[in-house]
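In: Whatever this is, show me its structure:
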Amino acid sequence: MSTPDCQPLRGRCIILGVCGGIAAYKAVEVLQLLIKSGADVHVVMTSSAREFVGSLTFETLSRNPVYTQTLALTRTGEIAHIALAQKADLALVAPATANLIGKFAHGIADDALTTLLISVPTHVPVYLAPAMDRDMYTHPAVSENLGILTRRGVLLLGPEEGFLASGLQGKGRLAGPEEIVRAVTDKLAPRRELQGMSILITAGPTQEPVDPVRFLSNRSSGKMGYALAAAAVARGARVILISGPVNISAPAGLSQFVAVTTAAEMREAVMSRLGEVEVVIKAAAVADFRPQRPARAKIKKEGNAFSLELERTPDILSEIGAMKKDRILVGFAAETNEILENARRKLKEKNLDLLIVNDVGRTDIGFHSDYNQIILVSPDGTSEETSRLPKREIADIIMDRIVSLSSRRRG
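Out: Just a heads-up that it's a prediction; the model follows:
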């Protein structure tokens, strides 16, 4: 297994902009993670940000002056925002408020942070991690401003869904510090072990129609499969993502994105592309059963009972396992009891190279959670359990295994 550089950002100069908002305290963790990765971080704060977190905290941790004044001078007499913008490898604003987003979109430079952002050369990557209340984030003005910035090449991280400071629940929460730093690392120090490899990944649920308005499905959100796709792209792979219906955006950099609804459609999409790939990761939660005869018209509520005749859907994983040849085949299993026994049997029956097991009986991981905890089961019967981690970190652990499997086959 490849060993990642413990300081992949060593020698890189990163600007960390901090705006005023309840999420400003999380910028401290972002800073710590960047420093741990070896980055030279220079913090620029708005005046409102300093009402939430003192500048001394950032200055102490970064061991660099914190910039708060537009025309501040460096120790060598240079204008700070010009000098910093010229030497930066990347600029990151976390959290980015609606106010900052609006000013940046329209070229307003009335404080140290907005002036610096407009001074950053166009070839330098700029990331914004928005954080605000749900209704503010979905306001047409904010949406239009984000659209302006993304068309200019600004990259967005999040926001995530969850409980917000207002007490509301929805999209607007700052992306996790680990996710933010991982995106920065992927940009500045990409790992390319999968360069030239083609990987097919399935994600999300399927929906099997009962009638024109109802369907059978499951609770899969697609987050794990999408995290795997992002991790594979970050390592240089050509990635085909085949997804059932989900409410998340496809990762950037995919070779192909195929949207499907039913198990039959997923099977067709997978099997028609199987010859293009060396690795298949079946992370989708494909429905096991479907109505035998879906109704053509809406079924009316008549009487006190209703029954459906069900039939098995195609077992796509078994079909691939029977004809996989030299391909690496990774499956997922959702279990609630006798987890390892069931996993080892499934791995053997379906001819897998690796099985990822989720304990779906837990409420703090899996399905709609941003976190997961898995057991990796190998054909020799050995298993390895991870700790509870963000799904993107779980995805990297799985990619490490795929790199190792691929290396052994080549060697």
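
In: Mind telling me what element the nearest residue to Ala105 once chain neighbours are set aside is part of?
Out: Residue nearest to Ala105 in three dimensions, not counting chain neighbours: Asn145, with 3.9 Å by C-beta to C-beta, 6 or more residues apart in numbering. Heads up, the C-betas are built off the backbone N, CA and C, glycines and all. Using DSSP states H and E, Asn145 sits within helix 140-151.

In: ok, and for that helix, which residues are buried?
Out: Val142, Asn145, Leu146, Leu149 (16 or more other C-beta atoms under 10 Å).

In: The first one against Gly102, yeah?
Out: Translated: Val142. Yes: the pair Val142 and Gly102 passes the contact test of C-beta atoms under 8 Å, sitting 7.4 Å apart.

In: if we can go back for a sec, show me which pair in the buried residues of helix 140-151 is furthest apart.
Out: Distances among those were taken as C-beta to C-beta; the most separated pair is Val142 and Leu149, at 10.7 Å.

In: what residues do these two have in common as contacts?
Out: Common contacts of Val142 and Leu149 (C-beta atoms under 8 Å, 6 or more residues apart in numbering): Ile101.

In: Name the nearest of the buried residues of helix 140-151 relative to Gly204.
Out: Nearest member of those to Gly204, counting by C-beta to C-beta, is Leu146, at 24.9 Å.

In: quick one: that closest one from Ala96, how far?
Out: 10 Å (C-beta to C-beta, to the nearest Å).

In: Equivalent analysis for Arg290, please.
Out: Going from Arg290 to Ala96 by C-beta to C-beta gives 44 Å.

In: Tell me which of those two has more neighbours.
Out: Ala96 (31 against 22; other C-beta atoms under 10 Å).

In: Residues in a beta bridge with that one, which ones?
Out: Ala96 has the following beta-bridge partners by DSSP bridges: Pro130.

In: could you give the mean pLDDT of stretch 237-255?
Out: Stretch 237-255 shows an average pLDDT of 93 in the prediction.

In: sorry, back to before: could you name every residue contacting both of Leu146 and Ala96?
Out: What both Leu146 and Ala96 touch, as defined by C-beta under 8 Å, 6+ apart, is the set Pro130.

In: what are the phi and psi angles of the residue nearest to the spatial centre of the chain?
Out: Central residue of the chain (C-alpha atoms, centre = their mean): Ala227, 4.4 Å from the mean position. Dihedral pair for Ala227: phi -60, psi -40, per degrees, to the nearest 10.

In: Test my guess that it contacts Leu389.
Out: No: counting by C-beta under 8 Å, Ala227 does not reach Leu389; the two are 10.6 Å apart.
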